[in-house]
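Curious how this folds, go ahead:
(chains A and B)
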Amino acid sequence: MHQLRGRVGRGEYQSYCILKYEGNSETIRKRMKVMCETNDGFVISEKDLELRGSGDFFGTMQHGLPEFKIANLFEDMAILKKVQVVAQEIMADDAELKLPENQLLQKVVNQKLEKLGTGTL
Amino acid sequence: MVDLKKDVQYIKGVGPNRAELLNKLGIFTLQDLITYYPRNYEDRSKPKTLFECVDGEEALIEVVATSKVVETRFGRKTMQKLMIGDETANAEAVWFNQTYLKSKFSIGQKYRMYGKIDRKYRKIQIMSPVFDEYGTTQNTGRIIPIYPLTYNLSQNVIRKIMENAISEVYGNISETLPEYLLKKYSLLPINQATKSIHFPDKLQDFQKARTRLVFEELLMTQLALLKLKYYDKEKIKGIAFSKKHKISEMIEQFPFTLTNAQSRVLDEIEKDMESPKMMNRLLQGDVGSGKTAIAMCAAYKAVKSGYQAVIMAPTAILATQHLENFEKIFSRLEIKCELLISGITKKKKEDILQRLKDGEIDILIGTHAVLEDNVEFKNLGLVVTDEQHRFGVRQRNKITKKGQNPDTLVMSATPIPRTLALILYGDLDISIIDELPPNRKKIQTFAVSKHMQERVDNFIKKQIQEGRQAYIVCPLVEEGEDNNLKSVIELAEKYQKEIFPEYRILYLHGKMKQKEKDEIMLKFKNHEIDILISTTVIEVGVDVPNSNIMVIEDAQRFGLARIASITW
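Just a heads-up that it's a prediction; the model follows:
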């Protein structure tokens, strides 16, 4: 909705966004409230994540995240945060994944890169 | 160790026919099969007494057959009924068109059944239950995985195949995560995780298995992106743009002052450009935060340093809009801009390609037409891709190869939290414009329930009478594109016939040809239409400053923000 709303407010005139909604669930009301209260995309995306995380799933086709076989970026945010710290640590010590203990990682990472179309680095 | 690349056809219980069906699910190898994870589980391990069963729930019951199966025929259909009971109550098990069941039960024998309970008044039925003879656990008595899409394979068949596969691989899969990570983060070994994700002994078990598998998947993705970034930075020699030509010279050309956020971002970009390392930067900023000005500044620096720049937009009409904005500024500076989109004449195109090759064009603006093989630059130094979700990593590589490792700036109008940005754009450095220009009026937003329809309509009428225009967006419906089209057309008809017969209304839909979409957008821009009814395709649209109303129908069906997508 935030991106759609961005289509107006581009000229000199006061602009309006009208959200017609049905239903009275708490998540719906919260979402409407967020939209009415702020125009700040970063605030909205934070809230979006919180609300999506709560399990009330809507507009699944909208977010278009990369496809994971098992991970779900909304539900697995806690694991993702941990993983990002781990990944940074590994890269800081061994950016090319050449150490013996990282051989397994190198193998899978190269397969991933292959899939991305970049070839093995 | 087991060969996970083995063709799925050779798994016990598969064979050529079922292999074909599995292929349709994207399952070709043993590896694909064991990573086809359940979407849910049914706990068929805890029995209830008939007395405890609640109407509508799915339950496991342990009952004795008290009759033979009685078959009733109506028309072409048959119904099978079996009287059952436990110490708390009597009930009926009911199936449809399952004639073979007639010989499956013996009076006095104990069975476990799992199915949906139908309980009205004092009558209890269990509908189309799966069952086992008491003591066996083929269909009941344990936690059963439920798989996503299975095409013509029933859950039973796919489960059986999975059982065979797991018993073949269990204990034989090579570990994929280093020992030190397993220890430090208490992750399950791969063999155990693979078994428990499909066939957990207890319901909690799958959670631990899942954590391990999610950890691995996210870690490998994150590492791949970081490695890509590292490689770009350390192993590739990029362009060091001139330190003599400062972006600040360009800023003086603007009829407005930059926000602090814009200035900060420009500093980051200028530093990147002057360094001999290749720039790979994502610029995130809300719509209207002034990303185009940033692109102009970067292009200016590139051109002044003796290089060409290319600006890619997702649609022809957006590219055209960019060209207009660029020319306003760059024509004064004698920097030559050109537009390359698929709609232009062959002659014009050939002319552009030649001048591009000769270095007479400084800034090329276009759609994915600029990716074609025959587009050659003399000296490409900067690539700006707008709304990168329309392009994806592969195409990004393609354009990068058109120069000697040009610097790249990726623009995104979808602000996302940092954690997500790191996994979606982990190969890029990230700049953020988190501030809007001070003179912008806040868009007033109202959430209204449906019974306010008339007031909303009157409000729109008033604005249109004052000369404004409106967008009305209807949501994507899940049942497929054709239904989307239908819902847009229906809504357009309703508005045109019943609500605003006096106004000019057109509709826009993702299934239309690009040319058709561009034409409609142009009509709206030129105020030949008052109201544009559309699906979410207008999200990436052109500026229509005169349009000041956005109505979102069925807003409850939309997410708050789209998270940018990239093609993997």
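
Going by C-alpha atoms from here, please, whenever you check contacts or count neighbours.
Will do.

For the stretch 301-450 of chain B, which residues are neighbours of chain A?
Residues of the stretch 301-450 of chain B lying close to chain A by C-alpha under 8 Å from any C-alpha of the partner chain are B:393-394, B:397, B:413-417, B:419-420, B:422, B:424, B:434, B:440-450.

Okay, and which of these map to strands?
B:Gln444, B:Thr445, B:Phe446, B:Ala447, B:Val448, B:Ser449 (DSSP state E).

A:Tyr21 is in contact with the third one, correct?
No. Counting by C-alpha atoms under 8 Å, B:Phe446 sits too far from A:Tyr21 to count as a contact (10.5 Å).

Of these two, which one has the most company?
More neighbours surround A:Tyr21 than the other of B:Phe446 and A:Tyr21, with 21 against 17 (other C-alpha atoms under 10 Å in any protein chain shown).

and the residue most central in space within chain A, what does it touch?
Note on chain A: the residue nearest the mean C-alpha position is A:Leu73, at 6.3 Å, using C-alpha atoms, centre = their mean. Going by C-alpha atoms under 8 Å, 6 or more residues apart in numbering or on different chains, A:Leu73 touches A:Leu80, B:Leu420.

quick one: what helix or strand has it in it?
Element membership for A:Leu73 (DSSP states H and E) is empty, with no helix or strand holding it.

For the stretch 351-500 of chain B, which segments count as helices?
Using DSSP state H, counting those that start in this stretch, the helices assigned to the stretch 351-500 of chain B run over residues B:393-400, B:418-424, B:453-465, B:481-494.

And for chain A?
A:2-5, A:26-37, A:41-53, A:60-63, A:77-93, A:103-116 (DSSP state H).

The ones you listed: lowest mean pLDDT?
Among those, helix A:60-63 carries the lowest mean pLDDT, a mean of 36.

need the helices for the stretch 151-300 of chain B, in chain order.
Using DSSP H, counting those that start in this stretch, helices in the stretch 151-300 of chain B cover B:155-169, B:179-184, B:190-198, B:205-234, B:247-251, B:260-274, B:291-304.

For the next helix or strand after the last one, C-alpha coordinates in CSV please.
Read in the C-terminal direction, the helix or strand following helix B:291-304 is strand B:308-312, with elements assigned using DSSP H and E. The C-alpha trace of strand B:308-312 is given here as CSV (Å, rounded to 0.1, in the frame of the first residue of the first chain):
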residue,chain,number,x,y,z
GLN,B,308,29.6,7.2,-20.5
ALA,B,309,26.7,6.4,-18.2
VAL,B,310,23.6,4.3,-18.7
ILE,B,311,20.3,4.6,-16.8
MET,B,312,17.9,1.7,-16.9
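
and the angle for strand B:308-312 with helix B:291-304?
160 degrees (axes from the mean of the first three to the mean of the last three C-alpha atoms, to 10 degrees).

For strand B:308-312, name the packing helices and strands.
Using 3 or more C-alpha pairs under 8 Å, 6 or more residues apart in numbering or on different chains; DSSP states H and E, the elements in contact with strand B:308-312 are helix B:291-304, strand B:363-366, strand B:380-386.

Just put the ones you listed in JSON lines and tack on mean neighbour count and mean pLDDT.
Listed next are the helices and strands packed on strand B:308-312 as JSON lines, based on neighbours: other C-alpha atoms under 10 Å in any protein chain shown; pLDDT from 0 to 100:
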{"stretch": "helix B:291-304", "mean neighbour count": "23", "mean pLDDT": "95"}
{"stretch": "strand B:363-366", "mean neighbour count": "27", "mean pLDDT": "95"}
{"stretch": "strand B:380-386", "mean neighbour count": "28", "mean pLDDT": "89"}
